[in-house]
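Peer 1: Model the following, please.
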Amino acid sequence: MNKIYMFLADGFETVEALAPVDVMRRAGLNVVTVSIMGRREVLSAQDIAVATDTLFEECDFSDADAVVLPGGSVGTENMSAHAPLRAVVDRMNNDGKLIAAICAAPMVFGRMGILHGRKATCYPGCECDLTGAEYTAEAVQCDKNMITACGPGVSFDFGFAIVAYFCGNQVVDTLRSQMQFQ
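Peer 2: As a prediction, this is how the structure comes out:
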């Protein structure tokens, strides 16, 4: 079964994390929420406390099939400053495993230098940090083993794109119908 790690840092965008987690879990994917803050409770940009499944320090990520980064300007800065998280993202990308980020979080990829020659999108105004990418301004952009998305309004579509990557479009169509998502 595919194992997906969703990283949370103080200041993350609530809907950009929880909507994709909801969609992926409905599809039967094994999603683990991980705090990079050294404590299980993480505070979102909207001051919502979220209890994560585990701490970064408790994982080795050798079983990861994907890593997902939600946006939020403060959350993105916290993730960008977390060297061990960047090392996991870099290893995943080098191994051809899925890396995904939404809103401001694709800036983490850009700052790491892993977007060269890739198509990517992000929250408008953050594209200056997508170093080396072909910025597309699409709502959701898929390019090989990478999925990026532009912001909170496409959080469900971002989740559906991750599900499609692992399970195919038929599963997405079924989910969209069951969820009454038009």
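
Peer 1: All the strands of the protein, residue numbers only.
Peer 2: Applying DSSP state E to the chain gives strands spanning 3-8, 30-35, 41-43, 49-51, 54-55, 66-69, 98-102, 119-120, 134-135, 140-143, 146-149.

Peer 1: What lies in contact with the fifth one?
Peer 2: Yep, that's strand 54-55 we're talking about. Applying CB atoms under 8 Å, 6 or more residues apart in numbering, the external contacts of strand 54-55 come out as 32-35, 38-40. From N, CA and C alone the C-beta is placed, and that goes for glycine too.

Peer 1: Pull out the buried members of those residues.
Peer 2: For the contacts of strand 54-55, a burial check counting by 16 or more other CB atoms under 10 Å picks out 32-35, 40.

Peer 1: would you turn those residues into JSON lines with distance to F166 and pLDDT?
Peer 2: Below are the buried ones among the contacts of strand 54-55 laid out as JSON lines (distance: CB to CB, whole Å; pLDDT from 0 to 100):
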{"residue": "V32", "distance to F166": "15", "pLDDT": "98"}
{"residue": "T33", "distance to F166": "17", "pLDDT": "98"}
{"residue": "V34", "distance to F166": "18", "pLDDT": "98"}
{"residue": "S35", "distance to F166": "24", "pLDDT": "98"}
{"residue": "R40", "distance to F166": "26", "pLDDT": "98"}
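
Peer 1: Could you single out the nearest of those residues to A139?
Peer 2: Ranked by distance to A139 (CB to CB), the buried ones among the contacts of strand 54-55 are led by T33 at 23.8 Å.

Peer 1: so what's the closest residue to the closest one other than its chain neighbours up against?
Peer 2: Nearest residue to T33, sequence neighbours excluded (CB to CB, 6 or more residues apart in numbering): T52, at 4.3 Å. For T52, the contact set (CB under 8 Å, 6+ apart) comprises 8, 33-35, 40-42.

Peer 1: and which of the residues you listed is nearest to C128?
Peer 2: Of all the contacts of T52, the one sitting nearest C128 is L8; the distance, using CB to CB, is 25.0 Å.

Peer 1: Quick check: which of the strands of the chain is nearest to V15?
Peer 2: Proximity to V15 (CB to CB) singles out strand 98-102 among the strands of the chain, at 9.6 Å.

Peer 1: Just list what the closest one packs against, helices and strands only.
Peer 2: Contacts defined by 3 or more CB pairs under 8 Å, 6 or more residues apart in numbering; DSSP states H and E place strand 98-102 against strand 66-69, helix 83-94, helix 106-112, strand 146-149, helix 155-167.

Peer 1: Contacts for the longest one next, please.
Peer 2: By CB under 8 Å, 6+ apart, the list of residues contacting helix 155-167 from outside reads 2, 4, 15-16, 19-24, 27-29, 65-66, 68, 98, 100, 102, 139-140, 142, 147, 149, 171-172, 175-176, 181.
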